[in-house]
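1. my questions concern the predicted model and sequence given below.
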Amino acid sequence: MGSQTQSQLPVVNFMNENLKQGAHTWVSTCEVVRSALEDHGGFLALYDKISLETYDLIYNEMKSFFDLSVETKRRKTTEKPIFSYSGQRPGIPLYESTGIINPLSFEDCQKYTHVMWPKGNDSFCESVNSYAKQLAELDHIVKKMLFESYGLEKKKFECLVESTEYVLRGYKYRKPQVGESNMGVPPHSDTTFLTILNQKVEGLAVKLKDGEWIEVGASPSLYLVMGGDALMVWSNDRIAACEHRVFTNPKIERYSMGLLSYATKIMEPQEELVDAEHPLRYKPFDHYGYLRFFLTEEAIKSDSRIKAYCGI
Ligand SMILES: O=C(O)CCC(=O)C(=O)O
Ligand SMILES: [Fe+2]
């Protein structure tokens, strides 16, 4: 056998008791998080704050959502672009997903639940809210580490958190029919600032910087953390959005969950990340403007939608 090394996506352990701000492990983990994002646009997180009970509940509740009629699932829940239900799309026929906006607010979870189940569905509402709250803790730690690793002020981190809008997305992929491809979602990067994904069933793969595709495992404590297009702008291209794709297992339906973050305020590349080696690459960025631009003809025919929208 040759001594060929296999490329890997970094794995960061967030279950470590020493992972408290200021501790030795905290500082070294900040560096691992930043270099993984800079090198590959993402990493795997081991995170056990979400109990098995919450994990089972959220996937059961999401199954009950996807079991609703298409007409019900398509009910309008928001005016915002790309945040609502998506399914039965010709290019990706196996794929369905729904987004719950601001899932950290119990009231907003209730509003969403009420549209889908006018007579109420407390267990859906409670599961969404508690799952999102627990997953947002991981999102906060990752962002805090990234800010610290770049030496940015705590105040800047707090501003970002304040201007963040979360969307909790549930995904379902039906089994392909005979003769149908098992492609779930083709290679793409997300429009988010950060995306955190967990999958109940395998199928997700990530492209490393050397071009190799790496399969992500399925486990209740395993999360894929990925930078999206907004993180590219924020980091002035030091972090490239993570390319990923989904192939389904032809024998089983696939479910996954994601916590996606967006910026509600105009975002600019961090001035500390602009220097002679990294000249300013983006104009101030309106995340919701970008989401509206994303599906226009101009965006679709461009080489890079984010560069076409606000690149310099
Ligand atoms: O199903 C998944 O795990 C990820 C789906 C995805 O990447 C997307 O919808 O952007
Ligand atoms: Fe994606």
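-> Great, that's in hand. Ligands and ions are numbered 1, 2, ... in the order given.
2. now do stretch 79-98: distance to the chain's middle.
-> Chain-centre distance of stretch 79-98: 16 Å, with Cα atoms, centre = their mean, to the nearest Å.
3. ranges for the helices of the stretch 51-200 of the chain?
-> With DSSP state H, counting those that start in this stretch as the criterion, the stretch 51-200 of the chain has helices at 52-66, 70-73, 106-116, 122-149, 154-162.
4. for His24, which of the ones you listed is the nearest?
-> helix 122-149 (13.7 Å; Cβ to Cβ). C-beta: built from backbone N, CA, C; applies to glycine.
5. what residues of that closest one count as buried?
-> Neighbour counts over helix 122-149 (16 or more other Cβ atoms under 10 Å) mark 124-136, 138-139, 141-149 as buried.
6. returning to what we had before: now the helices of the stretch 51-200 of the chain as TSV including mean pLDDT?
-> Below are the helices of the stretch 51-200 of the chain laid out as TSV (pLDDT from 0 to 100):
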stretch	mean pLDDT
helix 52-66	97
helix 70-73	97
helix 106-116	97
helix 122-149	97
helix 154-162	96
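7. who wins for proximity to ligand 1 among those?
-> helix 52-66 (11.7 Å; Cβ to the nearest ligand atom).
8. now stretch 297-312: mean pLDDT?
-> Stretch 297-312 comes out with an average pLDDT of 97.
9. quick one: it to chain centroid distance?
-> 21 Å.
10. again with stretch 96-108
-> For stretch 96-108, the distance to the chain centre is 14 Å (Cα atoms, centre = their mean).
11. same question for stretch 20-38.
-> For stretch 20-38, the distance to the chain centre is 20 Å (Cα atoms, centre = their mean).
12. what does this protein put close to ligand 1?
-> 97, 171, 185, 190, 197, 199, 204, 244, 246, 256 (Cβ under 6 Å from any ligand atom).
13. which two in the residues you listed are spaced the farthest apart?
-> Asp190 and Gln199 (15.0 Å).
14. with just CA atoms, put stretch 148-157 into PDB.
-> Provided in PDB are the C-alpha atoms of stretch 148-157 (Å, rounded to 0.1, in the frame of the first residue of the first chain):
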ATOM      1  CA  GLU A 148     -11.900  36.100  18.900                       C
ATOM      2  CA  SER A 149      -9.600  34.300  16.600                       C
ATOM      3  CA  TYR A 150      -9.500  37.300  14.300                       C
ATOM      4  CA  GLY A 151      -9.000  39.600  17.300                       C
ATOM      5  CA  LEU A 152     -12.300  41.500  16.800                       C
ATOM      6  CA  GLU A 153     -13.900  43.400  19.600                       C
ATOM      7  CA  LYS A 154     -16.600  41.600  21.700                       C
ATOM      8  CA  LYS A 155     -18.900  44.500  20.900                       C
ATOM      9  CA  LYS A 156     -18.800  43.500  17.200                       C
ATOM     10  CA  PHE A 157     -19.800  40.000  18.000                       C
END
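15. how about stretch 203-223: buried residues?
-> Quick answer for stretch 203-223 (16+ other Cβ under 10 Å): 203-208, 214, 216, 218, 220, 222-223.
16. now do the strands in the protein.
-> Taking DSSP state E, the strands of the chain run over residues 11-13, 42-46, 86-89, 92-101, 164-173, 183-188, 194-199, 204-207, 213-215, 222-227, 244-247, 254-263.
17. not counting sequence-adjacent ones, nearest residue to whichever residue of the stretch 1-150 of the chain sits closest to ligand 1?
-> Closest residue of the stretch 1-150 of the chain to ligand 1, Cβ to the nearest ligand atom: Ser97 (5.7 Å). Excluding the flanking residues, the one nearest Ser97 by Cβ to Cβ, 6 or more residues apart in numbering is Tyr171, at 4.4 Å.
18. so the one you found sits against Tyr255, correct?
-> Yes: counting by Cβ atoms under 8 Å, Tyr171 touches Tyr255, with 6.7 Å between them.
19. looking only at neighbour counts, state which of those two leads.
-> Tyr171 (24 against 20; other Cβ atoms under 10 Å).
20. which residues does the more buried one form beta bridges with?
-> Beta-bridge pairing of Tyr171 under DSSP bridges involves Ser97, Ser256.
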